[in-house]
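J.: with the sequence up front, the predicted model follows.
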Amino acid sequence: MDIGTLLQISGSALGAQKRRLEVVAENLAGAEVTHTADGGPYRRKDVVFKTFHDHLNDARGERAPDLVKAEVALDPRPLPLVHDPGHPDADADGNVRMPNVNVTEEMMNMISASRSYEANVKAVGAAKQMARAALRIGE
Amino acid sequence: MDIKSIPPQMLVPKPIGEPVGTPLADLSNVGSTGDVGTSFADALKGAVEDANAKSVEAEHQVQRLVVGEGSVHQAMIAMQDASVAMEMVLAVRNKALEAYHEIMRMPV
Amino acid sequence: MPSGLTGTETYQLLARALDLRARAQERIADNLANQDTPGYKARRLDFQDALRGALGREGTLRPAATRPGHFGATGSDAIRHVKGTEEVVRDGGGPDGNTVAPEEEMARMAENSVMFDAAAQIIGAKYRSLKYVIREGR
């Protein structure tokens, strides 16, 4: 229960939220991409947070803290079919398979990720402050 | 002769003729009304034991901190505890020394 | 084993408060880190009542005994063993089952870190003034 643990917890969260923001950026960039290098439209990536434990410090006898990591997976939702005969990737029926990216959803994700990121930055600040206060006991 | 090299038991006045190497516990009878625990000797002995124990604990907490087991505040508290206890030893020893000097200055 | 001048209730109380606040901060950090984790249940550490109870019936300062073994069941010994209770928040979660309320955790974090700071400053000041008194101002 000291600064090392606190920084480990908040640090894992900062990394996870940053990954989430990166994925949002990728999704926004691919929102209109109907033809990727692998062929086919861009598929949305989803981020799922998972709690994990680092058991290196179990010898301390205290419960291992709840660290968090971001797992990236392809969004399984179907790709919408849009009628747009003039589109270069339109098929014989004039339909284009579009990426399953919803810009509004991505913006909401971005705001949520930023807020969570900021909250964890504050947690790092609080941990540093507490460590400094503890050091002053010895002055 | 360096004052600091004098062992604690020599700084407390003893009856003339008694060997200097006797344990401190013997001196609790000197000048006391029979209530154990109020003499200089006991005070100094207790202070030294306390300072010793707290020094050991402080080292332990510092080691724990360095290997990532303990916490900053626990180490700081243990160090301050040890520091206070050590100052106590010095204060009691200095008082005993003052008392000894005063007695030695008395005309016989 | 605390004893002597720094074995009094106030020192033990401050030292224990620092331990408990550090542990509480860990729970808050866990909650803030997992505010977006599906199904995560927020955890809280409560210890004010336990500390108050351990202060003893008088609830005032008692000087420590100068010989070990003279401590009673309440007072310094009891304070040192206060662990606080950990509560898991199961209700009030969103659709993904996560029960962390970030604004609440931020408020708790502010209070917790200030109280930690206060306890640290106070105990530091007590040590310094104790040493000053022992040195008789020298």
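T.: Done, it's in.

J.: which residue packs closest to B:S71, ignoring adjacent ones?
T.: In space, not counting the residues next to it along the chain, B:S71 is nearest to A:D2; the distance is 3.7 Å by Cβ to Cβ, 6 or more residues apart in numbering or on different chains. (Glycine included, C-beta is placed from N, CA and C.)

J.: my read is that that neighbour contacts B:V67, right?
T.: No. Between A:D2 and B:V67 there is no contact under Cβ atoms under 8 Å: 11.7 Å.

J.: which one's more surrounded, these two?
T.: A:D2 (25 against 10; other Cβ atoms under 10 Å in any protein chain shown).

J.: any stretches of chain B with poor pLDDT?
T.: B:1-38 (pLDDT under 70).

J.: quick check: buried residues in the top helix by length along it?
T.: In terms of residue count, the longest helix belonging to chain B (DSSP state H) is helix B:72-105. Within helix B:72-105, the residues that count as buried by 16 or more other Cβ atoms under 10 Å in any protein chain shown are B:72-89, B:91-93, B:96, B:100.

J.: what about it and chain A, touching?
T.: Yes. For helix B:72-105, a contact with chain A is found by Cβ under 8 Å from any Cβ of the partner chain, at B:72-73, B:76-77, B:79-80.

J.: who's in contact with B:V72?
T.: A:2-3, A:131, A:134-135, B:65 (Cβ atoms under 8 Å, 6 or more residues apart in numbering or on different chains).

J.: hmm, stretch C:99-113 in reach of chain B?
T.: No. Judged by Cβ under 8 Å from any Cβ, stretch C:99-113 and chain B are separated, with a smallest distance of 12.8 Å.

J.: dig out what the nearest residue to A:N95 once chain neighbours are set aside forms beta bridges with.
T.: With Cβ to Cβ, 6+ apart as the criterion, A:N95 has its nearest non-adjacent residue at 5.0 Å, and that residue is A:L81. Beta-bridge partners of A:L81, counted by DSSP bridges, are A:R97.

J.: the residue most central in space within chain A and chain C: what is the separation?
T.: What sits nearest the mean C-alpha location of chain A, by Cα atoms, centre = their mean, is A:R20, with 1.5 Å. Distance of A:R20 to chain C, computed by Cβ to the nearest Cβ, to the nearest Å: 8 Å.
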